[in-house]
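>>> below are the sequence and a predicted model; questions follow.
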Amino acid sequence: MNTTLPITPETVTRVTLDNGLTVLVKDNPNNPSITLRGRMRAGGLFDSAKVNGLAHFATAALQRGTRKRTFQKLNEELDRFGMSFGIGAGTETIGFSGKSLVEDFDRLLDVAADVVIHPVFPRAETEKLRAEILADLKEADQDTQHVAYREFRKLCYPVTHPYHRLSDGTPATVKRMTFDQLRAFHARYFRPDVTTIVVVGDVRAEQAIAKIERAFGKWRARGKPEPYVIPDPSPLDGITRKIMPLDGKTQADIVLGFPGLRRNDPDYYALSVGDLIFGRLGLFGRLGASVRDQQGLAYYVMSGIEAGLGAGPWSVRAGVNPKNVERAIDGVVAEIRRLASAPVTQDEFNEARDFITGSLALRLETNDGVAGTLGEIELFGLGLDYLQRYPNIIRAITPEQILAATRKYAQAEHYALAIAGPVNSEQ
Amino acid sequence: MSEIKEAHLDNGLMVLLKPVRTAPVATCWVWYRVGSRNEVPGITGISHWVEHMMFKGTPSLDKGEIMRVINRNGGVDNAFTSSDYTAYFELLPSDRIDLALRIESDRMVNALFAPEEVASERTVIISEREGAENEPRFWLGEEIQAAAFKVHPYHHDTIGWKTDLETMTRDDLYAHYKTYYAPNNAVIVAAGDFDADEMLAKIQNAFGALPRGKDAPPVKTVEPPQEGERRVFLRRPGPAAYFHAAYHAPQATDPDYFPVFVLVGVLSGVGGMSFSGHGSPGRSSRLYRALVETGLAVDVDSSFRATLDPGTLDVAATVRPGVASEKVERAIFVELEKIATTRVTEQELAKVIKQARSQFVYAMDGVMNVGGWLGQLEVVASYKMYESFLDNLTKVTREDVLRVAAKYLGETNRTVGWFIPTNGGAAKPRARK
């Protein structure tokens, strides 16, 4: 049996090019393909409320035309060689992702560099994109899960915090955005010294690095990068609740939660084990056992922590029949209370620990899985020996630490709650 | 890559094994030859509900215990139901794969269907349907299926009609289980880090003693040829107007399967070839150019699933706000007529084949997908289709594509559906608080 971890300081090559670009390569000869991932420390967090959605729009526009390729030519090339390439902005980072057969790796890199470094923002294509974004926003505005989550974020973070808004913007802001703003965003935030590129596939590390050097080596940044600051959110004061009635819906979607923590917070591991027990393990953890299995109230009810470079939310999501909304909320709040009142049992803890440590191999089974994990290791500065240390980090956690962490972040008396669906605003 | 090993136990269980020794993981899939095509009015949705009950306990495994014990061993598991099959899978560190075999053999015959569990699952199943009902495309898809198939059970969606979900009984569910869950109506597929002979011995050990069941009743209904366009209109609140057309199309075993696969590739690209057979459309494809690039639609896609009985080739689009629906429909039909009257180019053909070849390689990364592909193809046609897939695709000619386009894309063979938003496509929350 092959038991070697694919990510160790010995098996992954990490270099920084002269222009500050970080490159990580993991050679995997088992599948004749290449997975390419890039990540930049930039995104919607730089958008003020007035230009909410700028990072998203500007980044999506990069593919609409470059110095070497029109939008049509780019699409034709990707399709003709069976490659894929996409780029998009989230709140904390901008990411790109590509895939090709080994024989087309050079071509994929050429496309990636062209899009990232040399966009031209052609007028007609960019206007078409604007119309598509506006249509997406309109569709999202009647999507119960999206609306509930969007409103939850507004309640959970103050208006001055970048997490108050979703990064895709609003119809008003997207309509107003100018070409100068799009160009300026790219010029200001796209820089090699905030970028990491990960390559996993059937290619030797030295070769891959030489190819990336050829494609991205001439990319230069001027001056210093913008300071990257995400303020810590303040804890919630009491319970806030918002109801968004939507016509023509059968089910109500609920999001209930709290500001959480950063990925690098010392509480992170204890809280993530607590979250696993609370609303993930098995069929949605304790939440699933009570709200779905015993009470039959929801097809899905689950929890999740969005711990990133900033303190993203810890939230519970559920979809329920409108007449069961209050019962489901009561059920969720009861589980929050239980989580904060006594340590998880040793059995629960063992189960979570064994899942986390045992399932590592599953996550690393594919090139995409390895690339995703490598990207995360680099973004949070975890070190290439992280996976070797990881089981011991998890084993060292105690139920008492979990109790302390969950109590700190989740309180039955202080939460934000948004509901969207066929409900009345008085409900 | 290693060969696929095929074996048959005395009780009729078909076994497919594919060692892939690249990572210390293994996957186990059990595919039952039952899905919503085996359902009649009154019990629509029953196959999917039975799938849920398979997690609700056997005499040796309490409800909820299956997922927990899999998780505790570092694995993940789930299940899904379609028109043609019900599939269960586990992905585990390879030294724990015996656990999956034990669980699957246990619930193949011993699931309890406790009445109180059926009762609490009823609301969960209805909630699953209600979640789908929040999507305009779900409503439209359901209408289209019901109109396109008058008599064949592809008439109804796998989730089932709500009234049936409200009235079906525990005995209905248990009878369905006992009729279709037996070794002779199942295929077990394992892929991953193991030796094929050792795995076969383990499977023999876990499943060999289960009794062979009665032969499952065959589905005899054949959909008669359609003799004229059918149209459905749906008026509900929604954010946009949606178009959907379905053309009766061949099943996976039909010689026309590969030419139609290429046809759809030329229309909208060969995206994300996971075994579920669908991905995002290629932006250099004909439909994207004619509909999205021209600003008529926000998105457009065509799709064609490998099915056991003749299914449909589907084309769907979302109208861009402010554009007249008729324009979108006309532009789509112009493209379909073009491909049915003029041969595709050599370049288009070559592009589709290269895309399929790449997607096939991508989909082979990871044992989960390998197990999924083998099982699905075996249930709808034969797992042997997996090994010859790319060869068969390469044999398709431009004339073949023209011939199948003319054969299937005619007006009389289509069902056209429109979702028309009754609130003018605008989101107007009634009140804010």
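Happy to help now that I have it. Numbers count the residues shown, from 1 in each chain, chains lettered A, B, ... in the order given.
>>> and residue B:237, how many residues sit next to it?
The tally of other residues near residue B:237 (other C-beta atoms under 10 Å in any protein chain shown) stands at 18. All C-beta spots, glycine's among them, are computed from the backbone N, C-alpha and C.
>>> residue B:103 too?
Under the neighbour criterion other C-beta under 10 Å, residue B:103 is assigned a count of 25.
>>> phi and psi next, for the residue of chain B at minimum distance from chain A.
When C-beta to the nearest C-beta is the measure, chain B has its nearest residue to chain A at residue B:74, with 2.0 Å between them. For residue B:74, the backbone dihedrals are phi 80, psi 20 (criterion: degrees, to the nearest 10).
>>> relative to residue B:37, how far out is it?
36 Å (C-beta to C-beta, to the nearest Å).
>>> okay, these two: which has more neighbours?
Ranked by neighbour count (other C-beta under 10 Å), residue B:74 and residue B:37 place residue B:37 first, with 24 against 21.
>>> strands along the chain, start to end?
Just going to use chain A. Assigned by DSSP state E, the strands in chain A fall at A:12-16, A:22-27, A:33-40, A:84-89, A:94-101, A:195-201, A:239-245, A:252-259, A:298-307, A:311-320, A:415-421.
>>> my question was about chain B
Using DSSP E, the strands of chain B run over residues B:5-8, B:14-19, B:25-32, B:76-81, B:86-93, B:186-192, B:230-236, B:242-249, B:297-304, B:311-319, B:414-421.
>>> could you dump the ones you listed into JSON lines and include mean pLDDT, mean neighbour count and distance to residue B:99?
Supplementary listing: the strands of chain B in JSON lines, determined by pLDDT from 0 to 100; neighbours: other C-beta atoms under 10 Å in any protein chain shown; distance: least, C-beta to C-beta, whole Å:
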{"stretch": "strand B:5-8", "mean pLDDT": "98", "mean neighbour count": "14", "distance to residue B:99": "21"}
{"stretch": "strand B:14-19", "mean pLDDT": "97", "mean neighbour count": "22", "distance to residue B:99": "17"}
{"stretch": "strand B:25-32", "mean pLDDT": "98", "mean neighbour count": "27", "distance to residue B:99": "9"}
{"stretch": "strand B:76-81", "mean pLDDT": "96", "mean neighbour count": "18", "distance to residue B:99": "10"}
{"stretch": "strand B:86-93", "mean pLDDT": "97", "mean neighbour count": "25", "distance to residue B:99": "7"}
{"stretch": "strand B:186-192", "mean pLDDT": "98", "mean neighbour count": "27", "distance to residue B:99": "13"}
{"stretch": "strand B:230-236", "mean pLDDT": "97", "mean neighbour count": "14", "distance to residue B:99": "46"}
{"stretch": "strand B:242-249", "mean pLDDT": "98", "mean neighbour count": "23", "distance to residue B:99": "40"}
{"stretch": "strand B:297-304", "mean pLDDT": "94", "mean neighbour count": "24", "distance to residue B:99": "36"}
{"stretch": "strand B:311-319", "mean pLDDT": "97", "mean neighbour count": "25", "distance to residue B:99": "36"}
{"stretch": "strand B:414-421", "mean pLDDT": "97", "mean neighbour count": "22", "distance to residue B:99": "45"}
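>>> take those and lay them out in CSV including distance to chain A.
As requested, these are exported to CSV (distance: least, C-beta to the nearest C-beta, whole Å):
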stretch, distance to chain A
strand B:5-8, 19
strand B:14-19, 12
strand B:25-32, 5
strand B:76-81, 6
strand B:86-93, 5
strand B:186-192, 9
strand B:230-236, 5
strand B:242-249, 10
strand B:297-304, 4
strand B:311-319, 7
strand B:414-421, 9
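>>> can you put the ones you listed in CSV and add distance to residue A:16?
As requested, those are arranged in CSV below (distance: least, C-beta to C-beta, whole Å):
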stretch, distance to residue A:16
strand B:5-8, 48
strand B:14-19, 40
strand B:25-32, 33
strand B:76-81, 36
strand B:86-93, 35
strand B:186-192, 37
strand B:230-236, 55
strand B:242-249, 49
strand B:297-304, 40
strand B:311-319, 44
strand B:414-421, 52
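>>> flag the shaky bits of the stretch 151-300 of chain B, pLDDT-wise.
For the stretch 151-300 of chain B, the stretches with pLDDT under 70 are B:272-281.
>>> how about the residues of it that lie near chain A?
Proximity of the stretch 151-300 of chain B to chain A is confined to B:193, B:236-240, B:269-270, B:282-285, B:288-289, B:292-293, B:295, B:298 under the rule C-beta under 8 Å from any C-beta of the partner chain.
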